[in-house]
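K.L.:
pasted the sequence and its predicted model underneath.
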Amino acid sequence: MSHDRYEMVVGLEVHVQLRTRTKAFCRCATSFGDAPNQNTCPVCLALPGALPVLNSRAVEYATRAGLSLGCAIRERSVFARKNYFYPDLPKGYQISQFDKPLAEHGSVALGDGRTIGITRMHMEEDAGKSVHDRFAGVTAIDLNRAGTPLVEIVSEPEIRSSREAGAYLKAVREILVYADVSDCSMEEGSLRVDANVSARLHGETALRTRTEIKNLNSFSNVERALEIEFARHCAVHDAGGNVRQETMLFDANRNEVRSARSKEESHDYRYFPDPDLPPLVLTAQYIDDIRNALPEFPAARRVRFMRAFGITATEAEVLTADRDICSYYETVATASNDGKVAAHWVMGEVLAACNDGAMVASAIPVAPQALAELIGLVSAGTLSNSAAKTVFAMLAKEGGSARTIAERDGLLQIGDDGALRAWVDEVFRENPDEATRFSGGERKLQGVLVGLVMKKSKGSADPKKVSQLIGERAGK
Ligand code: ZN
Ligand code: MN
């Protein structure tokens, strides 16, 4: 059944773990993958009398995240208790922010001209984790993650398709990774998504009842879950029914969205200012200093690269996807003075050499200056393209200078007329049949003859010059 009459309305809540070494309100480590309950103390175990102390690094990262997302930072924000019972929440409340969040009124550009508004971004702590052991038939609690600093980024309900939801998440992740506030790894749970979705007729302005799909753990699951839940809303509306406001879970294996519980309203959480924590007060100077130190973000960088280096939008996209690759490319493009060729090298040989996808500058085996030198040798005609690939492989293995390696291994291209003529003469002498036919006007043999000279020179001859020299003997 077609749901073309309906428009999808989506708002996303993204929880992002800040990459501090220690937790938000105690000194326990935030490291991932440790034995259960190893990184705990009286504060994050919620023992009576233990008091939270705010991690200043978490504030710095949260402020940077807010500014990176175009938000206004509140100079005085307030931590509040969000009360609910859950086995992995030993305090019986989560420290969060409610009516005075750290950041508000931001926006994220999607690259196609569309912009999605950000309502707010607040700081909060993570809960622990319930570990269900089906075989033993028990559920155990791991509090290593309890108290880990998070920011929750709440978008306006301005997302209009599952594809757009994916684009928004990609943009948010890209910005936060560039801002260096989180690794945004969905596998390790440092980026988690809740999606609010509803359906309404095109042209309608009021919002209809939404449902919330919790804890989506990949971008593709977000898109799949939205499509399924949107179709369900449309069917309910078509049948003249009402969508009930509730919290849903997405089962990726069964590809279904099902009800988890009826949705709480914020008043159910009995928010109130946390008496253990004073309001968070930031000076205008502190906020400005962080703003002034923000990096150039990928969207701006793509535009600049396309202008400065003459590369295409697609190339710019690939080259800016990773911060380290991006600065590597910029160094090579600037030093070689040929952004286009540099783009081909980085997108080809360099990315291939950074195997297993761990694209960090320290893992790029060839120094950018060495690659720039290599590009220069090719454009000067000193090195052939295929020889350049050999030199690149050597550079990756042993480092050093492109020219030194090319000289040592006899890979420099020979463009000297005397040497080239001698090889051409030899080839014509050794292949009298082809030589006669070529001289008689059979021009299609030129490629064969050039190939023979290249072979004789072991690839070191400049093929353009060889072709020119052989061409001079045509028809004679
Ligand atoms: Zn602790
Ligand atoms: Mn939250």
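P.N.:
Looks like it arrived, so ask away. Ligands and ions are numbered 1, 2, ... in the order given.

K.L.:
contacts, neighbours, all on C-alpha from now
P.N.:
OK.

K.L.:
what sits up against the helix of greatest length in the chain?
P.N.:
Determined from DSSP state H, the single longest helix within the chain is helix 219-238. Here helix 219-238 makes contact (C-alpha atoms under 8 Å, 6 or more residues apart in numbering) with 3, 6, 8, 162-163, 165-166, 169, 193, 195, 197-200, 213, 216, 242-243, 250, 252, 255-257.

K.L.:
could you redo the last one with a cut-off of 7 Å?
P.N.:
Residues from elsewhere that reach helix 219-238 (C-alpha atoms under 7 Å, 6 or more residues apart in numbering): 3, 6, 8, 162-163, 165-166, 197-199, 216, 242-243, 250, 252, 257.

K.L.:
OK, contacts around residue 163?
P.N.:
residue 223.

K.L.:
roughly how far apart are it and residue 170?
P.N.:
11 Å (C-alpha to C-alpha, to the nearest Å).

K.L.:
residue 272 now?
P.N.:
Counting by C-alpha to C-alpha, the gap from residue 272 to residue 170 is 34 Å.

K.L.:
just to revisit the earlier point, buried sites along the longest helix of the chain?
P.N.:
With burial defined by 16 or more other C-alpha atoms under 10 Å, the residues of helix 219-238 counted as buried are 219, 221-227, 229-235, 237.

K.L.:
what's the closest of those residues to ligand 1?
P.N.:
For those, the minimum distance to ligand 1 (C-alpha to the ion) is 31.2 Å, reached by residue 219.

K.L.:
following the longest helix of the chain, which helix or strand shows up next?
P.N.:
strand 246-251 (DSSP states H and E).

K.L.:
direction included, what does that next one pair against?
P.N.:
strand 211-216 (parallel), strand 256-262 (antiparallel) (DSSP bridges).

K.L.:
can you give me the angle the shortest one makes with helix 219-238?
P.N.:
Angle between the axes of strand 211-216 and helix 219-238 is 160 degrees (criterion: axes from the mean of the first three to the mean of the last three C-alpha atoms, to 10 degrees).

K.L.:
re earlier: quick one, which of residue 272 and residue 170 is more surrounded?
P.N.:
Neighbours were counted for residue 272 and for residue 170 using other C-alpha atoms under 10 Å; residue 272 has more, 16 against 13.

K.L.:
domains in this structure, as residue ranges please.
P.N.:
6-289, 296-408, 417-471 (automatic domain parsing).

K.L.:
got CSV for the ones you listed, with mean pLDDT too?
P.N.:
Shown next, in CSV, are the domains of the chain (pLDDT from 0 to 100):
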stretch, mean pLDDT
domain 6-289, 94
domain 296-408, 87
domain 417-471, 88
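
K.L.:
between those, which one is closest to ligand 1.
P.N.:
Among those, domain 6-289 sits nearest to ligand 1 (C-alpha to the ion), with 3.9 Å.

K.L.:
can you give me the first-to-last residue distance of that closest one?
P.N.:
Domain 6-289 end-to-end distance (C-alpha to C-alpha) = 46 Å.

K.L.:
ok, now stretch 107-120?
P.N.:
First-to-last residue span, stretch 107-120, C-alpha to C-alpha: 10 Å.

K.L.:
so what's residue 95 bridging to?
P.N.:
Applying DSSP bridges, one finds that residue 95 bridges with residue 81.

K.L.:
check the burial of it by counting its neighbours.
P.N.:
For residue 95, using other C-alpha under 10 Å, the count is 24.

K.L.:
doesn't residue 84 make contact with it?
P.N.:
No: assessed by C-alpha atoms under 7 Å, residue 95 is found out of contact with residue 84, at 11.1 Å.

K.L.:
you'd agree residue 8 is in a helix?
P.N.:
No: read with DSSP: H, G, I helix; E, B strand; the rest coil, residue 8 is strand and lies in no helix.

K.L.:
distance check, it against residue 204.
P.N.:
On the measure of C-alpha to C-alpha, residue 8 and residue 204 end up 11 Å apart.

K.L.:
same thing with residue 198?
P.N.:
In terms of C-alpha to C-alpha, residue 198 sits 12 Å off from residue 204.

K.L.:
between the two, which one's more packed in?
P.N.:
Applying other C-alpha under 10 Å to residue 198 and residue 204 shows that residue 198 carries more neighbours, namely 26 against 11.

K.L.:
how many neighbours does the nearest residue to the more buried one once chain neighbours are set aside have?
P.N.:
The spatially closest residue to residue 198, leaving aside those adjacent along the chain, is residue 210, at 4.5 Å (C-alpha to C-alpha, 6 or more residues apart in numbering). Applying other C-alpha under 10 Å, we find 21 residues neighbouring residue 210.

K.L.:
dump the residue contacts of residue 210.
P.N.:
196-198, 245.

K.L.:
among the residues you listed, which are in strands?
P.N.:
196-198 (DSSP state E).

K.L.:
CA atoms of the strand or helix carrying residue 57 as PDB?
P.N.:
Counting by DSSP H and E, the element that carries residue 57 is helix 56-68. Extracted C-alpha coordinates of helix 56-68, given in PDB (Å, rounded to 0.1, in the frame of the first residue of the first chain):
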ATOM      1  CA  SER A  56      36.100  20.200  34.000                       C
ATOM      2  CA  ARG A  57      37.300  18.400  30.900                       C
ATOM      3  CA  ALA A  58      33.800  17.100  30.300                       C
ATOM      4  CA  VAL A  59      32.600  20.700  30.500                       C
ATOM      5  CA  GLU A  60      35.200  21.800  28.000                       C
ATOM      6  CA  TYR A  61      34.300  19.000  25.500                       C
ATOM      7  CA  ALA A  62      30.600  19.600  25.900                       C
ATOM      8  CA  THR A  63      31.100  23.400  25.300                       C
ATOM      9  CA  ARG A  64      33.100  22.600  22.200                       C
ATOM     10  CA  ALA A  65      30.500  20.200  21.000                       C
ATOM     11  CA  GLY A  66      27.700  22.800  21.500                       C
ATOM     12  CA  LEU A  67      29.700  25.500  19.600                       C
ATOM     13  CA  SER A  68      30.600  23.000  16.800                       C
END
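
K.L.:
which outside residues touch it?
P.N.:
18, 20, 24, 73, 103, 121, 123, 149, 151, 175-176, 179, 181, 290-291.

K.L.:
what residues of it count as buried?
P.N.:
Going by 16+ other C-alpha under 10 Å, helix 56-68 has these buried residues: 57-68.

K.L.:
what of stretch 446-465?
P.N.:
446, 449-454, 457, 459-463, 465.

K.L.:
start and end of that stretch, how far apart?
P.N.:
Start-to-end, stretch 446-465 (C-alpha to C-alpha) is 13 Å.

K.L.:
no further questions, thank you.
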